[in-house]
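Got a sequence here, can you build the structure:
(2 chains)
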Number of protein chains: 2
Amino acid sequence: MSEYTGHAPSGTSVGRVEKRFFTFAVPPHPLDVDSGRSLGPVTLAYETYGKLDEQATNAVLVLHALTGDSHAAGYYDTADAKPGWWDIMIGPGKPIDTDRYFVICSNVIGGCMGSTGPSSTDPDTGKPYGLTFPVITIGDMVRAQKELVEHLGIKKLLCAIGGSMGGMQVLEWAVRYPDMVRAAVPLATTTKHSALAIAFNEVARQAIMADPKWNCGDYYENDKPGHGLAVARMIGHITYLSDEAMRQKFDRRLQDRCEISFAFDVADFQVESYLRYQGQKFVDRFDANSFLYVTKAADYFNLEAAHGDGSVVAAFAKARCRFLVASFSSDWLYPTYQSRAMVQAMKKNGLDVSFVEIEAKWGHDAFLLPNARLSGMIDRFLDRAAVDAAKEAKESGHAL
Amino acid sequence: MSEYTGHAPSGTSVGRVEKRFFTFAVPPHPLDVDSGRSLGPVTLAYETYGKLDEQATNAVLVLHALTGDSHAAGYYDTADAKPGWWDIMIGPGKPIDTDRYFVICSNVIGGCMGSTGPSSTDPDTGKPYGLTFPVITIGDMVRAQKELVEHLGIKKLLCAIGGSMGGMQVLEWAVRYPDMVRAAVPLATTTKHSALAIAFNEVARQAIMADPKWNCGDYYENDKPGHGLAVARMIGHITYLSDEAMRQKFDRRLQDRCEISFAFDVADFQVESYLRYQGQKFVDRFDANSFLYVTKAADYFNLEAAHGDGSVVAAFAKARCRFLVASFSSDWLYPTYQSRAMVQAMKKNGLDVSFVEIEAKWGHDAFLLPNARLSGMIDRFLDRAAVDAAKEAKESGHAL
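So this is what the prediction gives:
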């Protein structure tokens, strides 16, 4: 894969960053959520990179995928082995250029990386919510993000950008708060979860709920349901890679052995070892209940039902921003035909939309990997949006 | 899908059939298996339909897939709700015409439908083998089938035919016992399990082994690991269907409800309900340890390593039969490129091979579903093989 050549030397980082917290919806003014219930107080963990300009026109909201978090770029500590999850895209001179833009990324509600979720303490009981936490939707996640954006003094985002479940939030932003979004970049995503995508999530949830340690979600004082959560994660990891990627990465290569073992307790193949490792690593960092909540939110996502009365064209009638839509050729979780369908619906509404199917062999994961074409397109797309914003600001300045 | 119009009225059945048992490899003459261990006695559960001709030239060996059994056609009892698993293909006037051919189908060793497997009693201990059962391979399955075929008085099969793991056995037969196979039909299969296919099997095995009731395979006197086995089966079922099939079958339709539930204990979507049902149904009929063994056998399958010293062309150098290879356009578990690769290797050896990619939207499952094109091809292919066999029999008759 060729590398993106931005304005700055590669490897340039936003440097040391800090996780912040914003709390709102304090009772008696809780957040009403789609299920009909309410939640409060709500805390969002978030990070920002770059500086907000005086007229607050340069804010880019980055939305994370299923099990992501607010740590999109930079390092918490110089000893960190890895930077934030989209550091290749965010930084000085990078496509989401922190010399020009003010970048915000928050952990979704329902998550477990600092935002309020099922592992948070329910103020009414003093114990973790567990399954008493309300089931939340992509719409609820975005409602909460709007509170944060306004708290930061931003009336209109320059851009909302994200892939996978992050892309769903982008679409939700564009349709739910059309006056607050100038440009939107939904990547490797869909306007509604397919039966196939629901199926994988359902099996992953069943794996968690089959673990006796899950105990109906009440496990915070005991062992966590690690076996079930590991299996759930392994299922996810298969769907993030393509057949070709798996062949290149692993093929039938054996793991630390010359011969097959004829045993069940060892991982014969590298692909088995990789999955077991990914499963275990996930157990250390993620909450099983949160996994249930975020997968359910993704499964429930259906833009046309929520905003278009069953018509995706009608749903986008509410949008006013310009769009850059990208799919990835080997992504079989959110295949290109799903992006094409959303692009058609946008075009039928006369929206300004660019679409690209990126040739990439890495499957769904491709949106997180370096890709010169994608980087270039995002760079130019943000630049166009920034020029528009400057023009509008100048005009409104003249009008004063 | 159009229906095959064979020689007989559709719905014609082989009628009532019976499961039989053949026991061999009785100590001190056990079956040596690939792992270096030995097993005995070995019982194969099998069924036959039609009549073996005098010169024993009309035998068609049908090989079943992962969790299949010997019950390929007909009914055990007139009250049976369903016939055998390939009844659409086997019967009077059907492509595998029981008026012409003598059809044999046996349950694989390692299975749990009457053949010796991990749930069988170990004669040395008087208890079920559990994990002390030797890990077996596709080669071992075929070795055992050879004993049955010879026991039935057959020196050369007219044809070996099967899909998925059944197709692997077909390939193994053609290469391991080239003098015993006149024609071979590997359907929806591969010469070696891909990393993707191994990945799905590994996660399914992990789901079973994560169930505390699995108890290292020692559960026969207690509750079986039903939760883990159900999850394993659900994973399988996703891989058997295509994205398009799932959309047509389920899309986002809700199950017995008008609104989403905002709950985790119910199946909101039909696809969730379908998977839960399939998982539960499987627990009632299949043994969890057998699932470990048959998936491992499929994962270990690598024709070129076992017979070609790493070259698939070299592996097929041993084969002498004619081949009909078929893949299915929407099968993403064993995609067409894998069939094409085996066909190329066959052709490089000058073998007589016909290949077809069947346009079918149902995914891997398609090989089990009615398809006029496939039926017609199998019908004609068997006919050609039968004509050859008759000619050879006549010639050898003259020679006497």
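
could you say which helix or strand contains residue A:290?
Using DSSP states H and E, residue A:290 sits within helix A:288-300.

what helices or strands is that helix leaning on?
Under the contact criterion of 3 or more C-beta pairs under 8 Å, 6 or more residues apart in numbering or on different chains; DSSP states H and E, helix A:288-300 touches helix A:138-151, helix A:165-176, helix A:195-209, helix A:226-240. C-beta coordinates here come from the backbone N, C-alpha and C atoms, glycine included.

rerun at 7 Å
helix A:165-176, helix A:195-209, helix A:226-240 (3 or more C-beta pairs under 7 Å, 6 or more residues apart in numbering or on different chains; DSSP states H and E).

For these, please prepare a markdown table with the additional fields mean neighbour count and mean pLDDT.
Below are the helices and strands packed on helix A:288-300 laid out as a markdown table (neighbours: other C-beta atoms under 10 Å in any protein chain shown; pLDDT from 0 to 100):
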| stretch | mean neighbour count | mean pLDDT |
| --- | --- | --- |
| helix A:165-176 | 28 | 98 |
| helix A:195-209 | 25 | 98 |
| helix A:226-240 | 25 | 97 |
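
circling back: report the backbone C-alpha coordinates of the very next helix or strand once past the helix holding residue A:290 in CSV.
Sequence-wise, the next helix or strand downstream of helix A:288-300 (DSSP H and E) is helix A:303-307. What follows is helix A:303-307, C-alpha atoms only, in CSV (Å, rounded to 0.1, in the frame of the first residue of the first chain):
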residue,chain,number,x,y,z
LEU,A,303,-31.8,5.4,9.1
GLU,A,304,-34.8,5.0,6.8
ALA,A,305,-37.1,3.7,9.6
ALA,A,306,-36.0,6.3,12.1
HIS,A,307,-36.0,9.3,9.8
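
Just the buried residues of the helix or strand just after helix A:303-307, please?
Downstream of helix A:303-307, the next assigned helix or strand under DSSP H and E is helix A:312-316. Buried residues in helix A:312-316, counted by 16 or more other C-beta atoms under 10 Å in any protein chain shown: A:312, A:315-316.

Give me the residues contacting helix A:312-316.
A:175, A:191, A:303-304, A:307-308, A:341-342, A:345-346, A:348-349, A:351 (C-beta atoms under 7 Å, 6 or more residues apart in numbering or on different chains).

now swap in stretch A:231-239 and tell me
Residues outside stretch A:231-239 that contact it (C-beta under 7 Å, 6+ apart): A:200, A:203-204, A:207-208, A:275, A:278-279, A:282, A:291, A:333, A:364, B:199-200, B:203, B:206-207, B:210, B:231, B:235.

got the CA coordinates for that stretch in CSV?
C-alpha atoms of stretch A:231-239 as CSV (Å, rounded to 0.1, in the frame of the first residue of the first chain):
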residue,chain,number,x,y,z
VAL,A,231,-15.5,-16.0,21.5
ALA,A,232,-17.6,-13.0,20.7
ARG,A,233,-14.5,-11.0,19.8
MET,A,234,-13.1,-13.8,17.7
ILE,A,235,-16.3,-13.8,15.6
GLY,A,236,-15.9,-10.1,15.1
HIS,A,237,-12.3,-10.4,14.0
ILE,A,238,-13.2,-12.9,11.3
THR,A,239,-15.7,-10.4,9.9
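
Right, I'll call it a day here.
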